[in-house]
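J.: any chance you could fold what I've pasted below:
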Amino acid sequence: MRLLLTACATTALVVAGPLTATAADTGPQGPVGGELLTAKPTVVANGAAPPAVQASAYVVADLDTGQVLAAKAPHAKLRPASTLKTLTALVLLPRLKKTDPVVGSDADAGIIGSKVGVYPGLHYTVDLLFQGMFLASGNDAVHALCAHDQGGVPATIQRMNAKAKDLGALDTHVTDPTGLDADGQYSSAYDLALFAQAGLERQDFAKYASTKYTNFPNVGNKGSYQVANQNKLLFNYDGALGVKTGYTTLARNTFVGAARRNGHTLVVTLMNAPHGITEDASNLLTWTFTNYGKLKPVGTLVKPAAAPPKTQQQGKPTTTTKGTAGAPQARTALNPGQAVKSLAFRVPDWAYAAPPVLLLGLFLRRPRALRRRRH
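T.: Okay, here's the model as predicted:
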C-alpha cells in the first residue's frame, strides 16, 4: 500500500512538471523562420559549403532582405551571456533621454560580472552609460540604466520578455538584463539575429555598437580613462558594424557581429563557442560575401508583430516614479509563498484529487491492521 501511495504522489509531481519557464521555438506553421531552421546541430546551407566553426549554434543572415543564408542549430536554446544586452538596449533606448543625469549607486558598483567602472556618487549621463554597456559590456552600466527607468530592473525584465515576443524571438526568456547565467535565462542564435536586425535599424543603437573608444570619469574628478570596444571585429574586419560580444563560464563565448560590403549588410550570431569566436565570425562573413551570388536562402528572419495604434491615453507620458508600489515584481526569485502559488498553477486539475484519495486509502487500511493485532 505504501509503495502504491508513493508511486501516486510521485506521478502527480512528475506530470505537474518543473517550475522553470520554457519557450517554444515553433510557431503555428512549424519552426520560426522556416522548416530547415530547427534546434538540431546540423549545418544548413544551400549553394556552397560554409567553413567549419567551433560554435554549437550560429546564424548568418542578410539584414536587408531578412534571408537566412546559413545556420547551425539556430533554435537551440542556449545561454546568451552579454549578447542579451542587445535586447536590453532595444527596450531601454526608446525610453530614456540621453542627456539625463544618473548618479552611480552602491547597487550599481556592487553588481557581479564585467564592469565599466560606475562608482557610487559619481555623475554620468544616460548616453555615457549606454557607451559603457556596449563597449565594455558593463553590468554596472546596465543596472544604472535599468534603475533609472520606471519600475527598475523587474520592469525592464518584463519589457524585455514582451519585446522578444513582439519580435518573434520565441526561444528567448529573460531573467537578468545583464545576460549573466541566471536560472531560466536562454536565447538562440536565431533570436540574436532578430535583435541585431531590430537594433541596427535604430541610429542610436548602430552608433553605440560601432563606437571603438570612449572615456569614463575617474573617482574624485581625477581625469578619465579610456574604454575600448570588446568587439575585435571593429578593429580588423573591413566594413564591420560591431554589435556585441559575450562570455560567461556556462555560456562560454557568444557573439553578434555585422558588416556591410558590396551593398549587402550581413549579421552573424554564434553561441557556445570555446575560443576563437571572432575568427569564426570573420570566416563566416567572408564566406557569405564571397559566395553571396551562389547562396539560396534556407530561412527568413520573421518580421516584428505590428504594434497596436496608441490611444490618447496610451500616448500620454507617465508620471509614475521608479520604486513605486505599482512597479512590476521581479521574476528571478520566489519566496516560499510565491513558490507554492506558482506550483499550484502548474498542477493539473486531476492531481488535486490525489491527497483526499490517498488519505481515504490510509483510513480504510487502518482498521484491518488493528483487527490483525487483536487476533
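
J.: mind pulling the model confidence for the residue most central in space within the chain?
T.: The C-alpha lying nearest the average C-alpha coordinate of the chain belongs to residue 84 (CA atoms, centre = their mean; 4.2 Å). On pLDDT, residue 84 comes in at 98.

J.: surely residue 192 meets residue 272?
T.: No. The pair residue 192 / residue 272 is not scored as a contact, 12.0 Å apart, by CB atoms under 8 Å. For glycine as for every other residue, the C-beta is placed from the backbone atoms N, C-alpha and C.

J.: anything in contact with each of the two?
T.: Jointly contacting residue 192 and residue 272 under the rule CB atoms under 8 Å, 6 or more residues apart in numbering are residue 254.

J.: which one of these two is surrounded by more residues?
T.: More crowded of residue 192 and residue 272, by other CB atoms under 10 Å: residue 192, with 34 against 22.

J.: just the element for that one, please.
T.: helix 189-200 (DSSP states H and E).

J.: where does the prediction get shaky in the stretch 151-300 of the chain?
T.: Residue ranges of the stretch 151-300 of the chain with pLDDT under 70: none are present.

J.: still on that earlier bit, what are the phi and psi angles of the residue nearest to the centre of the chain?
T.: Here is the backbone geometry of residue 84 (degrees, to the nearest 10): phi -60, psi -20.

J.: just list the residues touching it, thanks.
T.: Residue 84 is in contact with 174, 177, 178, 179, 185, 187, 246, counting by CB under 8 Å, 6+ apart.

J.: residues in contact with the third one?
T.: So that's residue 178. Residue 178 makes contact with 82, 84, 85, 88, 111, 113, 139, 142, 143, according to CB under 8 Å, 6+ apart.

J.: thinking the first one is in contact with residue 138, fair?
T.: No. Counting by CB under 8 Å, residue 82 stays clear of residue 138, with 9.4 Å between them.

J.: overlap in contacts, those two.
T.: Joint contacts of residue 82 and residue 138 (CB under 8 Å, 6+ apart) are residue 114.

J.: about what we covered before: please export the C-alpha coordinates of the helix holding residue 192 as CSV.
T.: What follows is helix 189-200, C-alpha atoms only, in CSV (Å, rounded to 0.1, in the frame of the first residue of the first chain):
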residue,chain,number,x,y,z
ALA,A,189,21.3,32.2,-32.5
TYR,A,190,18.2,33.0,-34.5
ASP,A,191,16.8,35.3,-31.8
LEU,A,192,20.1,37.2,-31.5
ALA,A,193,19.9,37.8,-35.3
LEU,A,194,16.4,39.3,-34.8
PHE,A,195,17.7,41.6,-32.0
ALA,A,196,20.6,42.7,-34.2
GLN,A,197,18.3,43.4,-37.1
ALA,A,198,15.9,45.5,-35.0
GLY,A,199,18.8,47.2,-33.2
LEU,A,200,20.7,48.3,-36.3
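
J.: packing partners for it?
T.: Identification of packing neighbours for helix 189-200 by 3 or more CB pairs under 8 Å, 6 or more residues apart in numbering; DSSP states H and E yields strand 57-62, strand 67-72, helix 85-92, helix 152-167, helix 203-210, strand 240-248, strand 252-261, strand 264-273.

J.: identify whichever of these lies nearest to residue 133.
T.: Nearest of the helices and strands packed on helix 189-200 to residue 133, taken as CB to CB: helix 85-92 at 6.0 Å.

J.: can you give the distance of the next helix or strand after the closest one from its chain's centre?
T.: Per DSSP H and E, the first helix or strand lying C-terminal to helix 85-92 is strand 101-103. Relative to the mean C-alpha coordinate of its chain, strand 101-103 is positioned 26 Å out (CA atoms, centre = their mean, to the nearest Å).

J.: quick one: strands adjacent to strand 101-103?
T.: Sheet pairing of strand 101-103 (DSSP bridges) gives strand 123-125 (antiparallel).

J.: buried residues in the partner strand?
T.: Within strand 123-125, the residues scored as buried using 16 or more other CB atoms under 10 Å are residue 124.

J.: centre of the chain to that strand, how far?
T.: 27 Å.

J.: ok, residues contacting that strand?
T.: Contacts of strand 123-125 (CB under 8 Å, 6+ apart): 98, 99, 100, 101, 102, 103, 104, 118, 144, 217.

J.: and if we set it to 10 Å?
T.: Contact with strand 123-125 is made by 97-104, 108, 116, 118, 131-132, 141, 144-145, 148, 216-217, 221, as judged by CB atoms under 10 Å, 6 or more residues apart in numbering.

J.: what about it, average pLDDT?
T.: On average, strand 123-125 scores 97.

J.: after it comes which helix or strand?
T.: That would be, after strand 123-125 and using DSSP H and E, helix 126-135.

J.: with only the CA atoms kept, save that following helix in CSV.
T.: Provided in CSV are the C-alpha atoms of helix 126-135 (Å, rounded to 0.1, in the frame of the first residue of the first chain):
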residue,chain,number,x,y,z
VAL,A,126,22.4,58.1,-19.9
ASP,A,127,24.4,58.4,-23.1
LEU,A,128,27.7,57.6,-21.4
LEU,A,129,26.2,54.6,-19.6
PHE,A,130,24.9,53.2,-22.9
GLN,A,131,28.5,53.5,-24.2
GLY,A,132,29.7,51.6,-21.1
MET,A,133,27.1,49.0,-21.7
PHE,A,134,28.0,48.4,-25.4
LEU,A,135,31.8,48.9,-25.4
